[in-house]
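Participant: sequence first, then the predicted structure, then my questions.
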Amino acid sequence: MDADRAAHAHRARPGRAPAAPFACATVGPGRGTSSSLWGKVLDARRPARDLSPHTMASAHEPRAIHDRAIDNIRFIRDAMERASAFTAVPGWGGVAMGVTALVAAALAAARRADAGAWLTVWVAEAVVAALIGLVTLGWKTRRAGASLVRGSGRRFVLSFLPPLLVGGLLTVALARAGQHALLPAVWLMLYGTAVVTGGTFSVAAVPVMGAGMLALGMVALFSPASWGDALMAVGFGGLQIVSGVVIARRHGG
């Protein structure tokens, strides 16, 4: 009885709060203080995000390196294209053009007395030679994996065409003026100029051939008109055949 009364007096002693259940103190998320403590524990477990300027810059660094690498590759490719020679000049095509020029020279010489017929033969030869050159140039360019619209191929074309355009215009003007005797010199010199300027971006045999045609054109300019067909046979025929064989053997066709 005394023990029961002592326990009852202890429980009923004023000023002492009843003990709270232990399970609701700190375990698990809840309301009030325990909820705040749980959020702090979770925040402590998460890795902190580094928002320093160095970290933000490094996030963009892989992209910057990639851009620089692309720019470097593009620069190297452009430099190689500028330094490389255009080797797709058709050697066997030049040989074929030379053969047709020899045939044209023989036909034109037989028609020298008729200026219109003579001019028709050489204009037809120019058309045939242009077709041969375009077909064989395209074939060799594709086979070599080269291009006519960029790099040394583009520079070759842009340097080769203007003298030919001038030659065509002078042909019309001189023919209308009846100055047929000047045409062999004009053709040889302007075609030689086209080959020299275009050959600056090609293999060595090309500008050498052009220089030979320029020399023949200067000879034709101060020679009798009767020499014109023979000089064109040497230039458009002989020089192109020899140069074509050299190009074909040394530069793949």
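Facilitator: Alright, I've got the coordinates.
Participant: ok, V157 touching S202?
Facilitator: No - contact criterion Cβ atoms under 8 Å: V157 and S202 do not qualify, at 10.8 Å. Every C-beta, even on glycine, is put in place using the N, C-alpha and C of the backbone.
Participant: out of these two, which sits in the more crowded spot?
Facilitator: Neighbour count, other Cβ atoms under 10 Å: between V157 and S202, S202 has more, with 23 against 15.
Participant: so in terms of bridging, what pairs with that one?
Facilitator: F86 (DSSP bridges).
Participant: and it, how close does it get to L161?
Facilitator: 14 Å (Cβ to Cβ, to the nearest Å).
Participant: measure R249 to F222 for me?
Facilitator: 35 Å.
Participant: all the strands of the stretch 101-250 of the chain, residue numbers only.
Facilitator: With DSSP state E, counting those that start in this stretch, there are no strands along the stretch 101-250 of the chain.
Participant: low-scoring stretches of it, by residue?
Facilitator: 144, 148-150 (pLDDT under 70).
Participant: ranges for the helices of it?
Facilitator: 115-144, 151-176, 183-199, 205-221, 228-232, 240-250 (DSSP state H, counting those that start in this stretch).
Participant: got the contact list for the fifth one?
Facilitator: What that stands for is helix 228-232. Contacting residues not belonging to helix 228-232 are listed as 101, 105, 108-109, 112, 122, 181, 183-185, 187-188, 216-217, 219-220, 223 [Cβ atoms under 8 Å, 6 or more residues apart in numbering].
Participant: how many residues are close by L137?
Facilitator: Other residues close to L137 by other Cβ under 10 Å number 20.
Participant: now swap in S152 and tell me
Facilitator: 22.
Participant: still on that earlier bit, could the helices of the stretch 101-250 of the chain go into JSON lines alongside distance to A96?
Facilitator: Shown next, in JSON lines, are the helices of the stretch 101-250 of the chain (distance: least, Cβ to Cβ, whole Å):
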{"stretch": "helix 115-144", "distance to A96": "5"}
{"stretch": "helix 151-176", "distance to A96": "18"}
{"stretch": "helix 183-199", "distance to A96": "16"}
{"stretch": "helix 205-221", "distance to A96": "15"}
{"stretch": "helix 228-232", "distance to A96": "17"}
{"stretch": "helix 240-250", "distance to A96": "8"}
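Participant: wait, which of those is closest to V95?
Facilitator: V95 sits nearest to helix 240-250 of all the helices of the stretch 101-250 of the chain, at 3.8 Å, using Cβ to Cβ.
Participant: same for the closest one, what does it pack against?
Facilitator: helix 91-109, helix 205-221 (3 or more Cβ pairs under 8 Å, 6 or more residues apart in numbering; DSSP states H and E).
Participant: list the buried residues of the shortest one.
Facilitator: In this case it means helix 205-221. Buried residues in helix 205-221, counted by 16 or more other Cβ atoms under 10 Å: 205-214, 216-217, 219-220.
Participant: could I have the CA atoms of that helix written out in CSV?
Facilitator: Extracted in CSV, the C-alpha atoms of helix 205-221 (Å, rounded to 0.1, in the frame of the first residue of the first chain):
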residue,chain,number,x,y,z
ALA,A,205,53.2,20.1,-118.5
VAL,A,206,50.1,22.3,-118.9
PRO,A,207,51.7,25.8,-118.8
VAL,A,208,54.7,24.5,-120.8
MET,A,209,52.2,23.5,-123.6
GLY,A,210,50.6,26.9,-123.3
ALA,A,211,53.9,28.8,-123.6
GLY,A,212,54.6,26.8,-126.8
MET,A,213,51.3,27.8,-128.3
LEU,A,214,52.0,31.5,-127.4
ALA,A,215,55.3,31.3,-129.2
LEU,A,216,53.6,29.8,-132.3
GLY,A,217,51.0,32.5,-132.2
MET,A,218,53.6,35.2,-132.2
VAL,A,219,55.3,33.5,-135.2
ALA,A,220,51.9,33.3,-137.0
LEU,A,221,51.3,37.0,-136.3
